[in-house]
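Novice: sequence-free structure coming up:
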């Protein structure tokens, strides 16, 4: 059995974001990077399946990006992935989801992966497209936003999370791709012996040019902060008036009060 | 009339040979008993605790004979110490008698035990014997009638107390019987120098001479048998502490307090980290169990144990002993339980008060290391989040590292990355960097330095968590990663001196970072400010205030800095009202040992207990010297209902307000 | 400009959110056609063309089949934009359609102007403007970002059919678990801090939460004091939350609390201390007595 998990390294969302010189994505100075949260669930689920299947099962982790993404790859290896692929691309952030998906598909198409795991979306870009697009490009079954995953003899029983806490149960036959959501599992904290072992595992580097033959379908023209919301208004005075003011503001500035 | 006594009266010198044989047999039994325990201790890993031999011997002799560690706690301690000294005198006296009979008299033909010396000798021994009996009665009442909380009663307690009591009583009876037949009739004046014997002798005055002689013989042999029994019991009962606890004073570490073995992360042959089984501990860790006398002083002072958490330092030591003896393959962590291990605040109160030099804290840390490094375990999800935050952003809050230096905006200081020409590097720490309450402490420290004309630099956004909380939670890997980055940075700036306002950063940088190659002198701001005051670089306009002072564990117990902060505060105009638990006896705030990033889910709140102690002094102000304590106390004042009654402030805030214009 | 709007239907019901698609098309000033895999008994109030497939035969979640239906409608309608809601249905289906058409997809759009679309990124801290480079563009719109538009009337129905299910089988729905509270997923949280004074005042805060349709949260001291159960605790030692609206009642803003809630989209704080640290993260800080302001706000909202 062959498994693939695709991960992205993203900035910690506590960071302060500033546009880069082209003004189309963030400047990486002063950003702390970590593994995309949803991808951690994907890695954990992949590792759990890998452990369940035992010998003869092989789990590969793939990440696209500049050299820094090796840190996220190493964490996946420490969590229990067997092999690693680093698609080297210092300009990965300028690729659109279609291109990113195409790179992954180009790598995966002749490898015969039975199950591919991805996060449901990246925390920075948040497009929620790459996983499904990869499945479409490879022509395999796919379901999204998975919060439950059971594999049994070529069939995946997954629970999708819908709105309002409702879940939907679906069955897929492998090969298949699932995109993983918060609540699927609790990602493990790598143990020290596994961290040490991960350091010795080889990370196969592939230049992005070897895998990418697609042009972008959309272009980011600007990256900017949202128009200043409230910005810390301080309201004082008569309680009755305050209530009216607050309701007006909530109606104006939030989507929850109409 | 000759003032002396006939040795071996009624027994005869012929007894010497059998007596020696029996005595040597008893010694043999002791040796055999400990020889049999040797394999138990040797299950542990090797550790060199016999270096610096002379110092060790000296320390052991002074520890044992002064009884200073036992005396430190009066409850039980006084009884033990007086009993020990009395019994020692009796033992020495008996030895002297033996030497007189079998060496001085036959070989040197002198009799030391005569004349005025004999009178004194007799009196001292009798008083010692009476004192020993009184102390035994005291110990008996304490253990079996008062029954202090947490003090166990086991088989050994009955046995040992009875045995000692019987030895002392039979000793007096022999003396009484002998005196009834001799001194009391022949030299009543001399008999007065043996008050105990004189009293016991009254029992024999009505006896016929034959019965008296026979009784004396029987009692003598009984006494002798009891003494032999005492020796033989040493390896097999609590009495073993006479040797093991003394030995532990020899084996005690010379490393600075709080020193933790730094794991070599480069050695990739190691596959096992921390302690999950007896065999992962050192031999000393197992030996500690034999040195433990179950005095429960550790447990009485443990902030976790006294607030209803499932941790007793004493119990852990015993559990280690039981596993080592009965089930060496057993699961150490399951036996001790994770809850007990995570409850420890590493406040060191247990280890500090232990009269047997037992090292509790590092055992707990080794087990935590196993949990963290081998199992990826955490005391709670909130800790996992905080640890992840430290990994990514270098602080437990998960706030962006780029904002770490924001608090310093507008202050007169330098950012090392821009200008590293400074007198001191102020290592700010996570709380003072990000927590609003503690930022006030940082700002006030800068104001103090400015007033003293000290050029201060900070690392700003380059600084990371010192790694202390994660290290104490067992995550040596993350500790070494963050430490290495800090060290590299500090070295690059050619820093002359580091000052921190956090005792945890202070301990870590000053002691732990040395193992990783940082040699820059590190000082806590309390001593630094004290020195500035002493040297007149800083001048204060005192303004009277009444306060009580909390010795943070990592400043007081770990670093012996107890007087300096009080001196600073007194110079600022303060008059102190001490809490009962102060100085080395201080009671933790609850945040040590990585507990600062963990929720206190079990038992009652430690900080509230401490706040109660502070309010009990009547002082309106509690002064702290540690960001963790300050945070816990701000919390404890609110939740403990002491608002309006007690205010908590940091030493730097008090000092800065009183800088002389 | 033409849009094909893909409506939503779940568990036998037309979802109201479908009308947000019409609101979006209206802002774009585009012609509309609607597609729904639903039922004739539940028709939207809409007077344009409705491509309707029967959920009873096509399934409510059968993405391969639904993709075919959408592609069929695309062929008939030739729209410039194929618009989905950014929902569990939309984000699942949209990329499949986009991939089949090799069309650009722009996800979770919050505003549109001049052929350029505004999307949030970096957890709503930043925005991107995205321009498609393809003839057709697939779009998913953020729930709640566009007004509901319910034009009325009845649609002209064009029936769609397709067969085949692919390798995915929908098994069924599981109703939401009735657990105590899941703050991490709540859209509105009203939290109580120590400023509320006493345990007896907790219902006042709870009433505001109910009036807003949100969940009750709490700061650590309140939980520690036993006023509110731990499952409600917000902060690094409780739950980290990012609702659309966070109302902090009498919470001064200890660092542990701030770290747990500052990602919220909109923060309203009520505190009597103007300088409380909560003010640093609040969009609006109401300086008032919590126990006066909150009941007044609740009363007004109830009207």
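Specialist: Looks like it arrived, so ask away. None of these values were measured; they are calculated from a predicted model.
Novice: average pLDDT across the host helix or strand of residue A:146?
Specialist: Using DSSP states H and E, residue A:146 falls within strand A:141-152. The predicted model gives strand A:141-152 an average pLDDT of 96.
Novice: list the buried residues in it.
Specialist: Neighbour counts using 16 or more other CB atoms under 10 Å in any protein chain shown place A:141, A:142, A:143, A:144, A:145, A:146, A:147, A:148, A:149, A:151 of strand A:141-152 among the buried residues. For every residue, glycine as well, the C-beta is placed using N, CA and C.
Novice: what packs against that strand?
Specialist: Contact partners of strand A:141-152 among helices and strands, from 3 or more CB pairs under 8 Å, 6 or more residues apart in numbering or on different chains; DSSP states H and E: helix A:37-53, helix A:130-138, strand A:155-161, strand A:167-173, strand A:176-180, helix C:90-101, strand C:168-174.
Novice: check contacts around residue A:154.
Specialist: A:173, A:174 (CB atoms under 8 Å, 6 or more residues apart in numbering or on different chains).
Novice: residue A:171 versus that one, what's the distance?
Specialist: To residue A:171, residue A:154 is 11 Å away according to CB to CB, to the nearest Å.
Novice: quick one: the strand holding residue A:146 to chain centroid distance?
Specialist: Computed by CA atoms, centre = their mean, to the nearest Å, the chain-centroid distance of strand A:141-152 equals 15 Å.
Novice: repeat for stretch C:113-123
Specialist: Its chain's C-alpha centre and that of stretch C:113-123 lie 16 Å apart, by CA atoms, centre = their mean.
Novice: any low-confidence regions in the chain?
Specialist: Since no chain was named, I'll use chain A. Residues of chain A meeting the criterion pLDDT under 70: A:164-165, A:228-231, A:258.
Novice: if you could check chain B rather than the one you did, that'd help
Specialist: B:1-2.
Novice: list the contacts for the closest residue to chain A within it?
Specialist: Residue nearest to chain A within chain B (CB to the nearest CB): residue B:376, separated by 3.5 Å. Going by CB under 8 Å, 6+ apart, residue B:376 touches A:188, A:189, A:190, A:191.
Novice: these two touch, right, the second one and residue B:381?
Specialist: No - Residue A:189 lies out of contact with residue B:381 (CB atoms under 8 Å); the separation is 11.1 Å.
Novice: now do the residue in the stretch 51-200 of chain A that chain B sits nearest to against residue A:219, distance only.
Specialist: For the stretch 51-200 of chain A and chain B, the shortest gap (CB to the nearest CB) falls at residue A:189, measuring 3.5 Å. Separation of residue A:189 from residue A:219 (CB to CB): 39 Å.
Novice: so which residue is dead centre in chain C?
Specialist: By CA atoms, centre = their mean, chain C has its centre lying nearest to residue C:143, at 3.9 Å.
Novice: in which helix or strand would I find the residue in the stretch 1-150 of chain A that chain B sits nearest to?
Specialist: At 3.9 Å from chain B, residue A:30 is the closest residue in the stretch 1-150 of chain A, using CB to the nearest CB. Assigned by DSSP H and E, residue A:30 belongs to no helix or strand.
Novice: check contacts around the residue nearest to it when sequence neighbours are not counted.
Specialist: Distances taken as CB to CB, 6 or more residues apart in numbering or on different chains place residue B:402 nearest to residue A:30, at 3.9 Å, with adjacent residues excluded. The neighbours of residue B:402, taking CB under 8 Å, 6+ apart as the test, are A:15, A:16, A:30, B:461.
Novice: could you do residue A:53 as well?
Specialist: Residues in contact with residue A:53 (CB under 8 Å, 6+ apart) are residue A:1.
Novice: any idea how far it is from residue A:197?
Specialist: According to CB to CB, residue A:53 and residue A:197 sit 19 Å apart.
Novice: what is the end-to-end distance of stretch C:209-217?
Specialist: Stretch C:209-217 has its terminal residues 9 Å apart, counting by CA to CA, to the nearest Å.
Novice: and it, average pLDDT?
Specialist: Average pLDDT, stretch C:209-217: 92.
Novice: run a quick neighbour tally on residue B:534.
Specialist: 13 (other CB atoms under 10 Å in any protein chain shown).
Novice: can you check residue B:141 too?
Specialist: Neighbours around residue B:141, by other CB under 10 Å: 12.
Novice: mind listing the helices for the stretch 101-250 of chain C?
Specialist: C:202-212, C:220-224 (DSSP state H, counting those that start in this stretch).
Novice: re the thing from before, ok, now which ones touch the residue of the stretch 1-150 of chain A closest to chain B?
Specialist: By CB under 8 Å, 6+ apart, the neighbours of residue A:30 are A:15, A:16, A:18, B:400, B:401, B:402, B:461.
Novice: next, the contact list for residue B:394, please.
Specialist: By CB under 8 Å, 6+ apart, residue B:394 lies in contact with A:32, B:401, B:404, B:430, B:463, B:464, B:465, B:482.
Novice: and the closest residue to residue B:408 other than its chain neighbours, how close does it get to residue B:499?
Specialist: Residue nearest to residue B:408 in three dimensions, not counting chain neighbours: residue B:458, with 6.0 Å by CB to CB, 6+ apart. As judged by CB to CB, residue B:458 and residue B:499 stand 11 Å apart.
Novice: quick one, which of those two is more surrounded?
Specialist: Taking other CB under 10 Å, residue B:458 and residue B:499 do not tie; residue B:458 has more neighbours (27 against 24).
Novice: so what's the backbone phi/psi at the more buried one?
Specialist: phi -130, psi 160 (degrees, to the nearest 10).
Novice: quick check: bridge partners of it?
Specialist: Beta-bridge partners of residue B:458, counted by DSSP bridges, are residue B:415.
Novice: the inter-axis angle of the longest strand along chain C versus helix C:90-101?
Specialist: Determined from DSSP state E, the single longest strand within chain C is strand C:104-113. Strand C:104-113 and helix C:90-101 are oriented at 120 degrees to each other (axes from the mean of the first three to the mean of the last three CA atoms, to 10 degrees).
Novice: ok, residues contacting strand C:104-113?
Specialist: A:96-98, A:126-129, A:217-218, C:24, C:27-28, C:86, C:91, C:94-95, C:98, C:117-120, C:127, C:130, C:132-134, C:137-142, C:145.
Novice: of those, which belong to strands?
Specialist: Among these, the ones falling in strands (DSSP E) are A:218, C:117-120, C:127, C:130, C:132, C:137-141.
Novice: in a markdown table, list those residues along with neighbour count and distance to chain B.
Specialist: Formatted as a markdown table, these follow (neighbours: other CB atoms under 10 Å in any protein chain shown; distance: CB to the nearest CB, whole Å):
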| residue | neighbour count | distance to chain B |
| --- | --- | --- |
| A:218 | 23 | 29 |
| C:117 | 26 | 28 |
| C:118 | 20 | 25 |
| C:119 | 25 | 23 |
| C:120 | 20 | 19 |
| C:127 | 19 | 19 |
| C:130 | 25 | 26 |
| C:132 | 23 | 33 |
| C:137 | 25 | 35 |
| C:138 | 32 | 34 |
| C:139 | 30 | 32 |
| C:140 | 28 | 29 |
| C:141 | 30 | 30 |
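Novice: ok, which pair from those is furthest apart?
Specialist: Between any two of the ones in strands among the contacts of strand C:104-113, the greatest separation by CB to CB is 19.8 Å, found for C:127 and C:138.
Novice: thank you, goodbye.
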